[in-house]
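Asker: Sequence and predicted model, in that order:
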Amino acid sequence: MQLLRGVTLMTIRSGWMAAAMVLLMAGGAQAQTAATGDGGMTLYTYDQDTGGVSTCYDQCAQNWPPFLGEAGSDRGEGWTLVERTDGTMQWAYDGRPVYYYAGDAAAGDKAGDGRGGMWHVLTAD
């Protein structure tokens, strides 16, 4: 009986350790740093955008304001400016136009992540 208790205790400890490792790994994946724009607000990409062209206008752009820039500006490697249909310039990262989410109230908020299965936080890692 003592041996059975030891095995059971060992199994429980092993199970707990495995669960803890899964939680740590999941936490590590979520710990990626979100790219931010003005005022530290989180930036997002939209799956419908292809070929460096924004498809988010009108009501979409009210909910997901484009991260605008000016010709001649530089944000570093991977960042470019793409022209919108109204002639304004929008920042893109690795060819993907980048947006804010109107539902984010403060720097660091990420309320837009996963919205509609098409909006994703742009990670800086």
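Answerer: Everything's here; your move. Residues are numbered from 1 along each chain as shown.

Asker: F67 contacts G39, correct?
Answerer: No. Counting by C-beta atoms under 8 Å, G39 is not a contact partner of F67; they are 11.5 Å apart. C-beta coordinates here come from the backbone N, C-alpha and C atoms, glycine included.

Asker: neighbour count winner among those two?
Answerer: Set F67 next to G39 and count neighbours by other C-beta atoms under 10 Å: F67 wins out with 22 against 8.

Asker: Helices of the chain, start to end?
Answerer: All helices of the chain, identified by DSSP state H, fall at 2-30, 59-63.

Asker: which one of these has the lowest average pLDDT?
Answerer: Lowest mean pLDDT within the helices of the chain: helix 2-30, at a mean of 38.

Asker: how about the strands in the protein?
Answerer: 44-46, 68-69, 79-83, 89-93, 96-97, 119-121 (DSSP state E).

Asker: what does the fifth one rub up against?
Answerer: Going back to what we said before, that points to strand 96-97. Residues from elsewhere that reach strand 96-97 (C-beta atoms under 8 Å, 6 or more residues apart in numbering): T45, Y46, D49, G52, V53, S54, C56, P66, V82, Q90, W91, L122.

Asker: Go again with 10 Å.
Answerer: 44-47, 49-56, 64, 66-67, 78, 80-82, 84, 90-91, 120, 122 (C-beta atoms under 10 Å, 6 or more residues apart in numbering).

Asker: Please convert the buried members of those into ChimeraX selection syntax.
Answerer: This is how ChimeraX selects the buried members of the contacts of strand 96-97, with burial counted by 16 or more other C-beta atoms under 10 Å:
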select :44,45,46,49,54,56,64,66,67,80,81,82,84,90,91,122
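
Asker: Can you work out which residues contact both of F67 and G39?
Answerer: Residues touching both F67 and G39 (C-beta under 10 Å, 6+ apart): Y100.

Asker: the domain parsing of this structure - what is it?
Answerer: As given by automatic domain parsing, the domain ranges for the chain are 1-31, 38-121.
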